[in-house]
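S.K.: model this:
(one chain, ligands or ions: 1)
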Amino acid sequence: MTQYWTIYKILAITLASAFIRASHNSCPVMECWFVQEKPGRGGFSAAVSQEKSLMYIRTDPDDSSFMQLHPPADIDLSRVYYVTDPAASFCRAPLHPPEGSVTKPQCEINPFVPHPSTVRWATSLTESGQSPIHLQADWFSVAAQGLDGKLVFSAIMRAPSGSKEPHVILSVSSRTASVHFRLGERVMLDCGFWVDPSSPLSGAGFSVEWRYQFRGEGRLVLAYDGKNDRLADTGEPDAALDFNALHETGNASLILEEAQVRHSGTYICSVYLPNLLAQVALDLEIVGEDSDLGFGQE
Ligand SMILES: *[C@@H]1O[C@H](CO)[C@@H](O)[C@H](O)[C@H]1NC(C)=O
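M.R.: As a prediction, the model looks like this:
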């Protein structure tokens, strides 16, 4: 009996590693705009520079094969990054259209400065002055949008200073960047996050915030301090999270019990870790009960 189990285990491991290799090959590279503020003269300069950049992605930190890849000549070598992404967040299909597609996913990378959050539901995260040494590094944020509104994604990455080898530390994503529901329906706005389990920030607590925006008006829909298991009072009794799913799998999806016209607008799902923040924005449209939803509802 045990012999059979051993054989099954070997088989399973072989299949799993074949699968990992295949999925590694499916996301070798990601084009991205590197955008940063130009050092300003005086306080008014809002000038930004935009440079082509390239991210080679590996999911296995021990795989060094991508260091031998040759970036195209039109990309400055200082803008080539070798990214370790254990959760394969950058490898999802909507970010990698078939060869020759006219439309391309959007991607932007920016320098990121870690800082303690001042919102009430996230201040507990930095009470103890968590891991200041860990913060001494080069930090980046990446925002990407897949094709057909199928994925919005944001990640915070950390690279040892000057190394060009960032690791994804926190990522937040949604599979419903743009979504419709009918009046009266139960609304689910997808949002999930992932924290690198090997990071000192893993297990140091998190907070989740949902904000609503419409034509310049904004309000807080839901705010949850995951460290103290405390929900802020937002005056939105209809909005809820699945707290078990949140703590167990990082499922931060927002539930609105009954769709109303006033719910239409943009929702921002933000996830806080000590000194870090990543967020994605989703568009929700509520349509009449008798509307034809044949326009791309998933
Ligand atoms: C997240 O939770 C919601 C609400 O419970 C559920 O409908 C959804 O399927 C979950 N998403 C994932 C990826 O598990």
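S.K.: show me where the stretch 101-250 of the chain dips below the pLDDT cut-off.
M.R.: 129-131 (pLDDT under 70).
S.K.: ranges for the helices of it?
M.R.: Secondary structure of the stretch 101-250 of the chain (DSSP state H, counting those that start in this stretch): helices at 132-135, 243-249.
S.K.: the ligand contacts on this protein?
M.R.: 188, 192, 242, 245, 251, 253, 255 (CB under 6 Å from any ligand atom). For every residue, glycine as well, the C-beta is placed using N, CA and C.
S.K.: again, only this time at 8 Å
M.R.: Contact residues (CB under 8 Å from any ligand atom) of the chain with the ligand: 175, 188, 190, 192, 242, 245, 249, 251, 253, 255.
S.K.: contacting residues around residue 260?
M.R.: By CB atoms under 8 Å, 6 or more residues apart in numbering, the residues touching residue 260 are 183, 286.
S.K.: again with the one 3 residues further on
M.R.: The contact partners of residue 263, taken as CB under 8 Å, 6+ apart, are 187, 256, 284, 286.
S.K.: for it, what are phi and psi?
M.R.: Torsion angles at residue 263 (phi, psi; degrees, to the nearest 10) stand at phi -80, psi -20.
S.K.: how about residue 261?
M.R.: Torsion angles, degrees, to the nearest 10, at residue 261: phi -60, psi -40.
S.K.: can you pull the pLDDT of the closest residue to it other than its chain neighbours?
M.R.: What sits nearest to residue 261 in space, not counting adjacent residues and going by CB to CB, 6 or more residues apart in numbering, is residue 286, at 5.5 Å. On pLDDT, residue 286 comes in at 95.
S.K.: so residue 29 is in contact with residue 58, correct?
M.R.: No - shown here, residue 29 and residue 58 do not form a contact pair, counting by CB atoms under 8 Å, at 10.7 Å.
S.K.: for residue 139, give me its contacts.
M.R.: Counting by CB under 8 Å, 6+ apart, residue 139 has contacts 111-114, 156-159.
S.K.: quick check, nearest of the residues you listed to the ligand?
M.R.: Closest approach to the ligand among the contacts of residue 139 (CB to the nearest ligand atom): residue 156, at 20.6 Å.
S.K.: who does that closest one form a beta bridge with?
M.R.: residue 141, residue 170 (DSSP bridges).
S.K.: residue 246 contacts residue 222, doesn't it?
M.R.: No - assessed by CB under 8 Å, residue 246 is found out of contact with residue 222, at 11.2 Å.
S.K.: before we move on, back to that, for residue 237, which of the helices of the stretch 101-250 of the chain is the nearest?
M.R.: helix 243-249 (15.8 Å; CB to CB).
S.K.: fine by me, thanks again.
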